[in-house]
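Engineer: can you look at this prediction? I've put the sequence above it.
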Amino acid sequence: MPYLVECLASVEAQTIDPARLEVIAVDDGSTDGTGEYLEEFAARAPMPVTVIRQKNSGGPSGPRNVGIGKAAGRYVFFLDADDRLGPEALERMVAMGDKNGTDVVLGKVEGINRTAPKSMWGKTLDRTDVFSSNIKFTLSAQKLFRRALLEKHGMRFDESLWTGEDALFTLEAYLRADGVSVVADYPCYYLVGRDDGKHVTKTGSYTLRFDSARALMKLIEDMVPAGPKRDTLMIRPFLITLLPQFGPKFLTDSEEVRRHKFELAKPLMDAYWTPGVARGLKVHERLRLHLVALQRADLLLDVVKFVKSKKQAAAILEKRGTRVYLVYPHFRSKPAGIPDDIYLAEPREARTFHGYREAAANSFLRRALRKARRTLSARKFKAAAA
């Protein structure tokens, strides 16, 4: 409360036939009148509403699992109490899942007083997967899941995790799904920022982030064979969960916390940090994680300070502009001994710098030019001989 009022109003406003919808509301030990309001809603709502009141579990996993166990519909959607749905959200998502036979449907998310993910909403997709789209960067639970998928694999939220439990659940669903659909042309879900700033994803000790990263990396390891596809997915926990622990906050951490973060990161870096993952990151991201892998807090501090300053790293173009090195701290420093490749921008990042030329395209053009010259020379030779 009071966010729950607008949340439930958005459920009542759904354009889908109320007879096709059931609401299972789990009051997880609230003390602010939530339970009573849910009972009032159940008495007047046009769709069947089941209210379950239980002792506080401390996190969203338990209540969501209770909801899955009670659900009877073909699909399950998880709606957080402080967020809301677009009026046509469920109608559009169910239609998309039915049309394409997909097991997971993503509806476009917009933020209200809060930042929402953006990179996956460029285009509506009837059918895609986690490897060929950006859906790996939205692993919140607010998706439409085919209930048969959840039951077939016994999927439930991990109640031992206090944060990141939704990422684990959603990524497993992506990997097990017979296709994923994306509704990008209609705002289905509004992610609402609370005035007090208290979101589950923003609270808790830094150690919980490492727990979350460890669980997600283990899931990827278990479900995806080593190689490019695994590397593609590993980018997500490294970039979204692990790297922020070595961002600006690291500068104000105590020496004890810094040492502890390095201790927690070491087994993850040893097990999962690969050249393939590194190539998928921007230079400053790769550099910081490389230094974490080396356990070099002294060098990392210089890099984090530079990144925090938001200065643009100077670019050095070599090999006729086909290589762009970004001059972050310790570039070509002999005492530091960091390989040049760590500072080498991949094409996506290098294209933003004037003078860069993509090597593959250049080599193709050079080969074509050489072939044309040889053909012309041969013709001249034949003409001279004649």
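Structural biologist: Done, it's in.

Engineer: which regions of the stretch 251-386 of the chain lie under the pLDDT threshold?
Structural biologist: Applying pLDDT under 70 to the stretch 251-386 of the chain flags residues 360-386.

Engineer: how about the helices in it?
Structural biologist: With helices called from DSSP state H, counting those that start in this stretch, the stretch 251-386 of the chain shows them at 255-272, 275-279, 283-293, 297-308, 347-350, 359-385.

Engineer: state the pLDDT value of residue 33.
Structural biologist: Looking at residue 33, its pLDDT reads 88.

Engineer: how many neighbouring residues does it have?
Structural biologist: A count of nearby residues for residue 33, using other C-beta atoms under 10 Å, gives 12. C-beta here means a position set from N, CA and C on the backbone, and glycine is covered the same way.

Engineer: for it, which non-adjacent residue is closest in space?
Structural biologist: residue 1 (5.4 Å; C-beta to C-beta, 6 or more residues apart in numbering).

Engineer: distance check, the one you found against residue 37.
Structural biologist: From residue 1 across to residue 37, the span is 7 Å (C-beta to C-beta, to the nearest Å).

Engineer: these two: who's more crowded?
Structural biologist: For residue 1 and residue 37, the more surrounded residue by other C-beta under 10 Å is residue 37, and the numbers stand at 19 against 14.

Engineer: now tell me what touches the host helix or strand of the more buried one from outside.
Structural biologist: Here residue 37, judged by DSSP states H and E, is contained in helix 34-44. With contact meaning C-beta atoms under 8 Å, 6 or more residues apart in numbering, helix 34-44 is reached by 1, 4-5, 8, 23, 25, 27, 49-51, 53, 81.

Engineer: what about 10 Å?
Structural biologist: The contact list for helix 34-44, computed with C-beta atoms under 10 Å, 6 or more residues apart in numbering, reads 1-5, 7-9, 11-12, 23, 25-30, 33, 45, 48-54, 81.

Engineer: partners of residue 315 in the sheet?
Structural biologist: residue 326 (DSSP bridges).

Engineer: next, the contact list for it, please.
Structural biologist: 283, 324-327, 345, 349-350, 352-356.

Engineer: cool, residue 116 as well?
Structural biologist: 108-110, 138, 140, 187, 189-191, 193.

Engineer: next, give phi and psi for it.
Structural biologist: phi -120, psi 150 (degrees, to the nearest 10).

Engineer: how much space between it and residue 218?
Structural biologist: Distance, residue 116 to residue 218, by C-beta to C-beta: 28 Å.

Engineer: residue 276 now?
Structural biologist: 18 Å.

Engineer: now residue 269
Structural biologist: For residue 269, the distance to residue 218 - C-beta to C-beta - is 14 Å.

Engineer: kindly report the same for residue 101.
Structural biologist: Separation of residue 101 from residue 218 (C-beta to C-beta): 30 Å.

Engineer: who's more crowded, those two?
Structural biologist: It is residue 218, of residue 101 and residue 218, that has more neighbours when counted by other C-beta under 10 Å, with 15 against 12.

Engineer: which residues touch the more buried one?
Structural biologist: For residue 218, the contact set (C-beta under 10 Å, 6+ apart) comprises 168, 237, 268, 271-272.

Engineer: could you turn the buried ones of those residues into a ChimeraX selection?
Structural biologist: Applying 16 or more other C-beta atoms under 10 Å to the contacts of residue 218, the buried members can be selected in ChimeraX as follows:
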select :168,237,268,272
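
Engineer: could you redo the contacts of residue 218 as JSON lines and give each row distance to residue 132?
Structural biologist: Output for those, formatted as JSON lines (distance: C-beta to C-beta, whole Å):
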{"residue": "168", "distance to residue 132": "22"}
{"residue": "237", "distance to residue 132": "19"}
{"residue": "268", "distance to residue 132": "26"}
{"residue": "271", "distance to residue 132": "26"}
{"residue": "272", "distance to residue 132": "22"}
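
Engineer: element containing residue 110?
Structural biologist: Taking DSSP H and E as the criterion, residue 110 maps to strand 104-112.

Engineer: residue 181 now?
Structural biologist: Assigned by DSSP H and E, residue 181 belongs to strand 180-192.

Engineer: now do the SS call for residue 242.
Structural biologist: Under DSSP: H, G, I helix; E, B strand; the rest coil, residue 242 falls in the helix class.

Engineer: what helices and strands are in contact with the next helix or strand after the strand holding residue 110?
Structural biologist: Beyond strand 104-112 in the direction of the C-terminus, DSSP H and E gives the next helix or strand as strand 125-128. Judged by 3 or more C-beta pairs under 10 Å, 6 or more residues apart in numbering; DSSP states H and E, strand 125-128 is in contact with helix 89-100, strand 180-192.
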